[in-house]
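Chemist: sequence unknown, structure follows:
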């Protein structure tokens, strides 16, 4: 029993140590930027929603980022009939497992579970790997089953290897960095901006009420500050004869 408890306590440290090797780029998240959120919603619906569901999100909630119901129906409602429906996909889990090895995860709270920096770096770290079934691998998620669905926009990155000596004393080839071998439809800066918009939308989708909650929090703090002044002088007035 003691050995089992020790193993369970050690596993999170092992996972943390293995993930620390990849440097994550900070995601430029700003959920107050409605134009960025709208662009990110368009990318999500056109490229992600084919395989990944967002079953905790309803299309109509995008009115919170400045879109009208008509705009949602005309431009974003491809996988549902009504704006009040959730963002589900027609792909069956069994079929997805056969094609990709594992069903694509629901993206409703992906940035809350993985972190916005992780998702931002991941979407910019695909590279060609002919040993993989899909032809793609990823620096952040080694041996990932997901193909690079945005490769037409980003282009094809290839790894530049360098030799390192492992703990076993042997020399191993590892990825030093990625370089652009075939340009895509976008420049690297344009692609980074597109991914930033997508991650911004995913961050908002994970907690759509956050902007309103933050605004309410500011009003509550201002009210408490004003009430403190009133309460302070009331206290002085009530207790002036005692002191």
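Modeler: Noted; the coordinates are in hand. Keep in mind that this is a model prediction, so the values were computed, not measured.
Chemist: which stretches of the protein form strands?
Modeler: 54-58, 86-87, 126-128, 136-138, 155-165, 171-183 (DSSP state E).
Chemist: save these as JSON lines, and put in distance to residue 235 too.
Modeler: C-beta coordinates here come from the backbone N, C-alpha and C atoms, glycine included. Putting the strands of the chain into JSON lines (distance: least, Cβ to Cβ, whole Å) gives the following:
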{"stretch": "strand 54-58", "distance to residue 235": "47"}
{"stretch": "strand 86-87", "distance to residue 235": "52"}
{"stretch": "strand 126-128", "distance to residue 235": "63"}
{"stretch": "strand 136-138", "distance to residue 235": "61"}
{"stretch": "strand 155-165", "distance to residue 235": "66"}
{"stretch": "strand 171-183", "distance to residue 235": "64"}
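Chemist: any stretches of this protein with poor pLDDT?
Modeler: Applying pLDDT under 70 to the chain picks out residues 1-21, 93, 96-97, 99-100, 243.
Chemist: what about the longest helix in it?
Modeler: helix 210-238 (DSSP state H).
Chemist: just checking, what packs against that helix?
Modeler: Based on contacts counted as 3 or more Cβ pairs under 8 Å, 6 or more residues apart in numbering; DSSP states H and E, there is no element that helix 210-238 packs against.
Chemist: about what we covered before: so which of the strands of the chain is nearest residue 242?
Modeler: Between residue 242 and the strands of the chain, the tightest spacing by Cβ to Cβ is seen for strand 54-58, at 56.0 Å.
Chemist: packing partners for that closest one?
Modeler: So strand 54-58, by 3+ Cβ pairs under 8 Å, 6+ apart, packs with strand 86-87.
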